[in-house]
Every structure is written in C-alpha cells, then in structure tokens.
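**Student:** Curious how this folds, go ahead:
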Amino acid sequence: MTPLSIEGAAQVVRPPEDGLPYLRLDRAAQLRVEPGDVVADGGRIVGFEAAAAGVGVRRIDASGCAIVPGFVDAHTHLPFAGWRADEYAMKVAGRPYEEIARAGGGIAASARAFADAGDEEVLEQAELLAAEMLAHGTTTFEGKSGYGLSEAGELRALALAAELGERVVQTTTSTALLAHAVPPGRDADGWMDAVEALVPQTVATALDIYVESVAFGLEHLERMGAIAAANGRDLRAHVEQFSTMRSVPVALAAGARSVDHLACLHPDDLAPLAAAECAAVLLPAAELLGDERVAPGRALADAGAIGVLATDANPGTSPVVSLPLIVGLAVRRYRWTVREALAAITLNAAWVLRLDGELGSLEVGKRADVVLLDAPIEHVPYRLGHNPVALVVAGGEVVHVRPDQAWRVPA
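**Tutor:** The predicted structure is shown next:
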C-alpha cells in the first residue's frame, strides 16, 4: 500500500483532544479547524505534516480544500427492494403515513417487494446506493433488517446485509430491526416471542424496534431491551416519529445506545436524554413531508446531547443517501452550526456503532478514512444540493475521485 500525503489544506478538522469516544454538541465549537496536512501509511493515519520529499509517496493537492473524517451513516435501511414513489405523491398531498400504512402501504409494501425480489436483485440495488453514498463521502454505514416480516425473511435480510458488506468499499455494520412492523396474521406479543427466539441466530451487533401507534408499544420496547441485554446486543429504537409515546424514559431505563427520530419528543424527556450516554439520532430528511414535526435539534445540542445525524435511507419516508445534504438540512432546520453537524456524522455516529476507537475522527493510529471537500466546511450547508466531496480515501486507499477534481491526484 502506497503511503498518502494529503497536503496544503485550508482546513483540517480534528477533535478537541485525542481519544474522545464522542463529542457532546455543546463542545462542538471546540473542534480544531486549522490549515494542514494528513499522512497515511499502511491504512492508518500516521501524522499531520506533509511527508518528506522522496519516492514512494502519493501526494494529493488539497489546496483550498477541507480535510474531514470519512462520514458515518448510523441509520439506514439497506438493503431493501424497490421504491415507493406512489406513496410520496400521497404524502405530498397530505395523506398521513399512519393512514397509508394501515391501508397496506409503508413497511408492508416494502416487505412485499423484498419478498418478491431475488437476492441478486436486492444486492445490486444496494450496491448502487452504496456507491452513491461513497461519492458523497460515506465511508461507513449501518444497515438494518426489518422488511422480512417473518423469521425466514428477517434472517434473509441480515444475510444479505452481511453479503453487501463483503461487496462494498465501506465498513458496514448490521442491526436486526426485528420489530419493525407486526407481520400479517401475527400479534405484537406473539411476534416478540418469535423475536426472542430469533435473536441468538443473528450476527447483528444491535437490535432495533419501531415504537409507534401502527407498530409496537412501550411494553415491547421494554422487552426488547431485556432481549438485547440477555444476548449482549445494543438496543436502538425508532421513537417519537409521528406521535409522543413517551418512549425515551423506557429506552433510557433499558440502556439504549440510541433513540432515533425524536420529532415528537416530549419536553420533559429532553434533559434526561441529553444528560444520558445515549445518542439522539436525528433524521431530518424524514421530516420533510406534510404535517410532520421537526425534532428539537437546537435544544438537544444546547443541552449537551450526543447528537447524531443520519440519512434514514429507505424507500418510503427518506429515499436519501447523501450526508452532505443531511448536514445542510440540519443547519437550516435545527439551526445547528456546521461543526455540530460534522461531529454528528463522524465521531458521534461512529460511537453509536461502537467504531469510535477505529474511525470517526482524524487521529494518529485510526483507520485512514478521509474525505477531501472542495471548499471550506462552511460551504457544505451553504451550497445545499451541491456534492462537496472531491475525493474519498478508505483504509488509506483512494476509492473515489470526482472527475473535475482528478488533477489533485497524480497518476
């Protein structure tokens, strides 16, 4: 592996101090943003001064650019099958998601598409999406099951997620979203019995549950926490997306690693969440339609939450794979600073996936996952819709170069 020397950047974004597992957002202003270089060798970051003159070093011209850690997408629903563009039109017209779901749309529609698609069809779609994610700077992502809606279907989904991880450049992790929707012909309590029996057969590092009026209740969240603890898995939870269920206190009591969505977070639950060692994963692209509410992102940041941003990439409520777009939405909708948003898609997101010791920040010894932006970091939210990623390095290898930026990388 040829050493890399990425040189002359206008900005290099590094944590306030090395070894932090996460950065609470009330400390995000302390991120170090200074001119400099990043050097990698053997797939690891080895220093922050340009390599000495000599042969055998691949030099990258970073003039005018920002160097940031590879982006980490801690909440996606890959792999899935097909799309639900017909539902998008309904939502834009004001039809609530709950109504669509009760009519057989939503998760049930994606479950039917998943069941009808062959394995290779599912994987080919996921690979194309992963390539698009890479071009937007995502070097690590989480995938979920949840569209299987049967024991065999969920195990198939997790097997395909593992296969996807073998096919793509990125680092991947798998989450067993075994309680996504109540399967047809089953009841919620009976399905949780099946989930408990299913978990030991999975290799997923985390379990997830969707708590909502059209899905599972607080008693099922509590039980999922017990199942996770008994099987040595992290608990994650989709909560407070469309209604205020008061899920957060239950999730915190169960030791959740993250609570995700939070658009309908109860005011009394904000301070305990912000004080906890539990990430608040916000998904702004899932808040863009109809009367959907907006998560209290500014209040969570001010209170010192472990804030995370993710795409929620899925075929229904968030068909989005670009983390730069998510940063732009968070800055505009939550009034976050760009430093808060960058912490939320790098170190904090890596912590959710238990990868913070390996990646998520630019530190000597960490995996050399590096993104070169074509302008200073302030341009990411400012130029909403523009892909600012000039070049991507994963594990010390250049894995993507935007065609107009090829001049920065010698042949």
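**Student:** So, low pLDDT: which residues of this protein?
**Tutor:** Counting by pLDDT under 70, the low-confidence segments of the chain come to 290-291.
**Student:** Over to the residue located most distally from the centre of it: give its phi and psi.
**Tutor:** The outermost residue of the chain, judged by C-alpha distance from the chain's mean C-alpha position using Cα atoms, centre = their mean, is residue 54 at 39.3 Å. Main-chain dihedrals, residue 54, degrees, to the nearest 10: phi 160, psi 170.
**Student:** So residue 255 sits against residue 233, correct?
**Tutor:** No. Contact between residue 255 and residue 233 fails when scored by Cβ atoms under 8 Å: they sit 10.9 Å apart. All C-beta atoms are positioned from the backbone trio N, CA, C, and that covers glycine.
**Student:** So if I had to pick from those two, which one is more boxed in?
**Tutor:** It is residue 233, of residue 255 and residue 233, that has more neighbours when counted by other Cβ atoms under 10 Å, with 21 against 14.
**Student:** Apart from its chain neighbours, what residue comes closest to that one?
**Tutor:** residue 207 (5.0 Å; Cβ to Cβ, 6 or more residues apart in numbering).
**Student:** How much space separates residue 71 from residue 104?
**Tutor:** 35 Å (Cβ to Cβ, to the nearest Å).
**Student:** can you give me the helices in the stretch 51-200 of the chain?
**Tutor:** For the stretch 51-200 of the chain, the helices defined by DSSP state H, counting those that start in this stretch occupy 85-92, 97-102, 107-116, 119-135, 151-167, 188-198.
**Student:** As CSV, could you dump the C-alpha coordinates of stretch 51-71?
**Tutor:** Once side chains and other backbone atoms are set aside, the C-alpha atoms of stretch 51-71 remain, and they are given as CSV (Å, rounded to 0.1, in the frame of the first residue of the first chain):
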residue,chain,number,x,y,z
ALA,A,51,5.6,13.6,4.1
ALA,A,52,9.3,14.4,3.4
ALA,A,53,10.4,14.6,-0.2
GLY,A,54,11.2,11.3,-1.8
VAL,A,55,9.9,8.5,-3.9
GLY,A,56,7.1,6.1,-3.0
VAL,A,57,4.6,8.6,-1.6
ARG,A,58,1.4,9.5,-3.4
ARG,A,59,0.8,13.2,-2.9
ILE,A,60,-2.6,14.8,-3.1
ASP,A,61,-3.0,18.6,-3.6
ALA,A,62,-5.6,19.8,-1.0
SER,A,63,-5.2,23.5,-1.7
GLY,A,64,-8.4,25.4,-1.0
CYS,A,65,-10.0,22.3,0.5
ALA,A,66,-11.1,20.9,3.8
ILE,A,67,-10.0,17.6,5.1
VAL,A,68,-12.5,15.8,7.3
PRO,A,69,-13.0,12.3,8.6
GLY,A,70,-14.9,9.8,6.5
PHE,A,71,-18.7,10.2,7.0
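**Student:** Distance from the chain centre to that stretch, please.
**Tutor:** Between the centre of stretch 51-71 and the centre of its chain there are 26 Å (Cα atoms, centre = their mean, to the nearest Å).
**Student:** what sits against residue 216?
**Tutor:** Residue 216 sits next to 179, 182, 188, 192, 209-210 when contact means Cβ atoms under 8 Å, 6 or more residues apart in numbering.
**Student:** what's the farthest-apart pair in those?
**Tutor:** With Cβ to Cβ as the measure, no two of those lie farther apart than 192 and 210, at 12.6 Å.
**Student:** how many other residues sit next to the nearest residue to residue 394 once chain neighbours are set aside?
**Tutor:** Across the structure, with Cβ to Cβ, 6+ apart as the measure, the residue nearest residue 394 apart from its sequence neighbours is residue 139 (4.8 Å). When counting by other Cβ under 10 Å, one arrives at 28 neighbours for residue 139.
**Student:** The one 3 residues further on too?
**Tutor:** Residue 142 has 27 neighbours, counted by other Cβ under 10 Å.
**Student:** And residue 153, by the same measure?
**Tutor:** 17.
**Student:** and if you look at the one 10 residues further on?
**Tutor:** The criterion is other Cβ under 10 Å. On that basis, residue 163 has 16 neighbouring residues.
**Student:** pretty sure it is touching residue 124, no?
**Tutor:** No. With contacts defined as Cβ under 8 Å, residue 163 does not count as touching residue 124, sitting 11.4 Å away.
**Student:** How about the contacts made by residue 288?
**Tutor:** Applying Cβ under 8 Å, 6+ apart as the definition, the contact partners of residue 288 turn out to be residue 329.
**Student:** is it fair to say residue 33 lies in a strand?
**Tutor:** Yes. When the secondary structure is assigned by DSSP: H, G, I helix; E, B strand; the rest coil, residue 33 falls within a strand.
**Student:** need the contact list for it.
**Tutor:** Taking Cβ under 8 Å, 6+ apart as the definition of contact, the neighbours of residue 33 are 11-13, 66, 339, 377.
**Student:** among the contacts of residue 216, who's most crowded?
**Tutor:** For the contacts of residue 216, the largest number of neighbours (other Cβ under 10 Å) sits with residue 209, at 32 neighbours.
**Student:** So residue 126 sits against residue 162, correct?
**Tutor:** No. Between residue 126 and residue 162 there is no contact under Cβ under 8 Å: 11.7 Å.
**Student:** of the two, who's got more company?
**Tutor:** When residue 126 and residue 162 are compared on other Cβ under 10 Å, the one with more neighbours turns out to be residue 126, at 23 against 15.
**Student:** how much space between that one and residue 311?
**Tutor:** Per Cβ to Cβ, residue 126 is found 14 Å from residue 311.
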